[in-house]
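> Pasting the sequence and the predicted model now:
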Protein chains: 2
Amino acid sequence: MALIVQKFGGTSVGSVERIEAVAEKLKKFREAGDDLVVVVSAMSGETNRLIELAKQVMEQPDPRELDVMVSTGEQVTIGLLAMALKKRGVPAVSYTGNQVRILTDSAHTKARIQKIDDERIRADLAEGKVVVVAGFQGVDENGSITTLGRGGSDTTGVALAAALKADECQIYTDVDGVYTTDPRVVPAARRLEKITFEEMLEMASLGSKVLQIRSVEFAGKYNVPLRVLHSFKEGPGTLITLDDEESMEQPIISGIAFNRDEAKLTVRGVPDIPGVAFKILGPVSAANIEVDMIVQNVSQDGTTDFTFTVHRNDYNNALEILKKTAGEIGARETIGDTKIAKVSIVGVGMRSHAGVASKMFEALAKESINIQLISTSEIKVSVVIEEKYLELAVRALHTAFELDSPVQAG
Amino acid sequence: MALIVQKFGGTSVGSVERIEAVAEKLKKFREAGDDLVVVVSAMSGETNRLIELAKQVMEQPDPRELDVMVSTGEQVTIGLLAMALKKRGVPAVSYTGNQVRILTDSAHTKARIQKIDDERIRADLAEGKVVVVAGFQGVDENGSITTLGRGGSDTTGVALAAALKADECQIYTDVDGVYTTDPRVVPAARRLEKITFEEMLEMASLGSKVLQIRSVEFAGKYNVPLRVLHSFKEGPGTLITLDDEESMEQPIISGIAFNRDEAKLTVRGVPDIPGVAFKILGPVSAANIEVDMIVQNVSQDGTTDFTFTVHRNDYNNALEILKKTAGEIGARETIGDTKIAKVSIVGVGMRSHAGVASKMFEALAKESINIQLISTSEIKVSVVIEEKYLELAVRALHTAFELDSPVQAG
């Protein structure tokens, strides 16, 4: 008998019919003997409806009061799901984040979980009840309702699984697992049986939006086996775990992530003196612009070129700041480009295999794709290329690293 | 500086515009120096929407889970109103029933308030905050969310006023006070400046639906001055207080209540022996049918007639039960009538005035209205008449007891 935490997102509980289908699914799990804690999101559209309502009153809604309102979305879902279970003769009980109690800090709308009381849940499980918990929400030490920010229900699921030392945390979604890359770009993309937390983090942060990054971090930190599954289709999904060193042969690369949300900015002819990188990036981060890749080449004639990428939405703002800085530090010129894409190969296997990067560059060269920037981490190599070559690059790399499925994905 | 608890119902907070208008009103009260605790209902229609949603899953929704869902209605309103206040520079904080904390028993969907922690509210008031509390809801000692049943927000308001020893509990509604009778039936009906708790209870239970009965009982028990006011029109409303013996001259009758929701059932030729009333009413109340008036006349030839009234919705059910009972106890026949109406005169003044009942009967006789049943209490005389004479009877009594306004109500 296993203890499983399952999380169903807004689409999976988007209508009464779907909630009934989820209840039906849970009943089967229960009959198979598993102990179940189920985390649910608000019915799809509900959170946005509540935020819109709040904005009618206050353009920048007061965070504490916004949390009071928005948290009602999940509260409705837990009531409905608990009823759907009881109707089927499955004992069930619902809890809000406050009732569980999921203690968070007081950072309203983006609170972080600090502690979960598992006593009450354990007692309910011992009585054979399915425990239905509102995702995305908690309570601070003053008793104020907090929310964890978008996608926070995943985090609730993982945190509960960690607190209860559950055997697995299953995240039900509208995809049947994590793929080697986006099947819309590469029809031969394969579902991965297994992926490590680290790889998943790299994949997620690079634009594979299956799981919320924070929940993967959390799962990795507490070593909670995480499984991504389709809400309404059968299948084993993808298991996300620690690096399993025992597995006989590991593929060098687990997947290919990409991202066309970034823009590139370069300051040319920067005097190569200590502190100049801070002078360039300081004003950018002071403007709350997040910087992703940062590349600086070796200097030539006492000057260097300094390049970084930001989200495309921040491009104009960043460029303006940069031009001002360039003048101040005596740089030659400031240029930028929004028509770029980032492609990354990800895999823990590359730690022990030399030549992964060169194999990547070779595959791109074969297609005459020029590499504009390169950045590497222990389990990832990222390149920035011209946006129009994105699909071609991803397909070429997918084949080069032998990720193509023998049977093409539907 | 007074401490006022104000309650705004679903219509008063039925849209963002109305919530803004309420906030504007509260701002003025605050500027006048009053300390404010504001109780709000769900936006009109919201509670029904949630109940309908629940019924889609479970025809008879599980009471605990229904409370979890339905309580979200008020939770959205408190967030919106607190924001609308903050936007106006009025410090405010919202609380759910659980947060306040309004401790109730565990009778889900019809819980009763047992205790209110006033500490937190007092601290907020001391900081100059307007405290916005979700009406209609509480929490039981297990931490489960409860609701007080329809109209429960009035009760929340009164209970808070009692706990805080507030100077007044103001109930804002869509009428500008309590009237001598329904102005739709008697255009000359007058708004009462003042009415006692007892009178209000009789008026309310007889069909004047301005206030929820429980809230009036509660206010009477804890002597909380209660004022009924219009949400968006200026005016003093009607004050409901203890019987003020000092007032120089009290009208004999404060108002005329009526009700066409009842039906009459009679068992004829009942053997007049001890225990027969219980034999007749026992099975009726066992079927959860509430009985209102009960009249039994002196017996003749060892048998008597036994009459009682029930809600019209229960008529068929009650008649069936009664026929069975009549057979068992050897009664002659069972008859009933749904085309009846109950008219009552209410007033604490009648305690010290003889002849009030006879004046009532005289006024009805003048209009040739036959009285079918009579029932009296210390401050009320009720008669059952044929339904078609209802309006005529109410107007005749209104004039006979000198309640007519010199200027006709709009």
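Noted; the coordinates are in hand.
> okay, CA-based contacts and neighbour counts for the rest of this
OK.
> any idea how far the spatially closest residue to residue A:302 that is not a sequence neighbour is from chain B?
For residue A:302, ignoring the flanking residues on the chain, the nearest one in space by C-alpha to C-alpha, 6 or more residues apart in numbering or on different chains is residue A:272 at 5.5 Å. Using C-alpha to the nearest C-alpha, to the nearest Å, residue A:272 is found at 50 Å from chain B.
> what helix or strand does residue A:357 sit in?
According to DSSP states H and E, residue A:357 maps onto helix A:356-366.
> Give the other helices and strands that that helix contacts.
helix A:390-400 (3 or more C-alpha pairs under 8 Å, 6 or more residues apart in numbering or on different chains; DSSP states H and E).
> Go through the helix it packs on and flag the buried ones.
Neighbour-count burial for helix A:390-400, counted by 16 or more other C-alpha atoms under 10 Å in any protein chain shown, picks out A:390, A:393, A:394, A:395, A:396, A:397, A:398.
> roughly how far apart are the fifth one and residue A:187?
As judged by C-alpha to C-alpha, to the nearest Å, residue A:396 and residue A:187 stand 12 Å apart.
> swap in the fourth one?
According to C-alpha to C-alpha, residue A:395 stands 9 Å off from residue A:187.
> re earlier: would you list the buried residues of helix A:390-400 in a markdown table and tack on pLDDT?
Putting the buried residues of helix A:390-400 into a markdown table (pLDDT from 0 to 100) gives the following:
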| residue | pLDDT |
| --- | --- |
| A:390 | 95 |
| A:393 | 96 |
| A:394 | 96 |
| A:395 | 95 |
| A:396 | 96 |
| A:397 | 96 |
| A:398 | 95 |
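> can you name the two of the residues you listed that are farthest apart?
Using C-alpha to C-alpha, the pair of the buried residues of helix A:390-400 lying farthest apart is A:390 and A:398, separated by 12.2 Å.
> Now do the SS call for residue A:304.
In three-state terms, and counting by DSSP: H, G, I helix; E, B strand; the rest coil, residue A:304 is strand.
> what sits against it?
A:268, A:269, A:270, A:271, A:272, A:296, A:297, A:298 (C-alpha atoms under 8 Å, 6 or more residues apart in numbering or on different chains).
> give me the element the second one is part of.
This means residue A:269. In the assignment (DSSP H and E), residue A:269 maps to strand A:262-271.
> For that strand, give me every contacting residue.
Where contact means C-alpha under 8 Å, 6+ apart, the residues beyond strand A:262-271 that reach it are A:276, A:302-312, A:315, A:319, A:322, A:326, A:329-342.
> can you give me the helices in chain A?
In chain A, the helices defined using DSSP state H lie at A:16-31, A:46-57, A:63-70, A:72-87, A:97-100, A:119-126, A:152-164, A:197-205, A:213-221, A:276-286, A:315-329, A:356-366, A:390-400.
> Turn the ones you listed into CSV, including distance to residue B:191.
Compiled in CSV, the helices of chain A are given as follows (distance: least, C-alpha to C-alpha, whole Å):
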stretch, distance to residue B:191
helix A:16-31, 47
helix A:46-57, 35
helix A:63-70, 38
helix A:72-87, 40
helix A:97-100, 45
helix A:119-126, 53
helix A:152-164, 53
helix A:197-205, 67
helix A:213-221, 61
helix A:276-286, 64
helix A:315-329, 64
helix A:356-366, 86
helix A:390-400, 76
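> just so I know, which of those lies nearest residue A:179?
Comparing the helices of chain A by their distance to residue A:179 (C-alpha to C-alpha), the top pick is helix A:197-205, with 9.7 Å.
> Which neighbouring elements make contact with that closest one?
helix A:213-221, strand A:238-241, strand A:255-259, strand A:340-346.
> Nearest to residue A:191 among those would be which one?
Closest approach to residue A:191 among the helices and strands packed on helix A:197-205 (C-alpha to C-alpha): strand A:238-241, 7.2 Å.
> Please state the offset of the closest one from the chain centre?
Using C-alpha atoms, centre = their mean, to the nearest Å, we find the averaged C-alpha position of strand A:238-241 to lie 14 Å away from the chain's own average C-alpha position.
> if we can go back for a sec, what is the rounded mean pLDDT of the strand holding residue A:269?
When the per-residue pLDDT values of strand A:262-271 are averaged, the result is 92.
> what do you get for stretch A:115-134?
In the prediction, stretch A:115-134 has an average pLDDT of 96.
> Format the CA atom coordinates belonging to it as CSV.
Output in CSV follows, covering the C-alpha atoms of stretch A:115-134 (Å, rounded to 0.1, in the frame of the first residue of the first chain):
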residue,chain,number,x,y,z
LYS,A,115,6.0,24.1,7.3
ILE,A,116,3.1,21.7,6.9
ASP,A,117,1.3,20.1,9.8
ASP,A,118,0.8,16.5,8.7
GLU,A,119,-1.0,15.3,11.8
ARG,A,120,-4.5,15.9,10.7
ILE,A,121,-3.9,14.4,7.3
ARG,A,122,-2.3,11.3,8.7
ALA,A,123,-5.3,10.8,11.0
ASP,A,124,-7.7,11.1,8.1
LEU,A,125,-5.7,8.7,6.0
ALA,A,126,-5.7,6.2,8.9
GLU,A,127,-9.5,6.4,8.8
GLY,A,128,-9.4,5.5,5.1
LYS,A,129,-10.3,9.0,3.8
VAL,A,130,-9.1,10.6,0.6
VAL,A,131,-7.7,14.0,1.7
VAL,A,132,-8.5,16.8,-0.8
VAL,A,133,-6.3,19.9,-0.3
ALA,A,134,-6.6,23.3,-1.9
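> buried ones in the lowest-mean-pLDDT helix or strand in chain A?
Of all regular secondary-structure elements in chain A, judged by mean pLDDT, DSSP states H and E, the least confident is helix A:197-205 with a mean of 84. Neighbour-count burial for helix A:197-205 flags A:197, A:198, A:199, A:200, A:201, A:202, A:203, A:204, A:205 (criterion: 16+ other C-alpha under 10 Å).
> And for stretch A:281-288?
For stretch A:281-288, burial by neighbour count (16+ other C-alpha under 10 Å) applies to A:281, A:283, A:284.
> from what I can see residue A:289 touches residue A:310, true?
Yes - between residue A:289 and residue A:310 there is a contact under C-alpha atoms under 8 Å: 7.2 Å.
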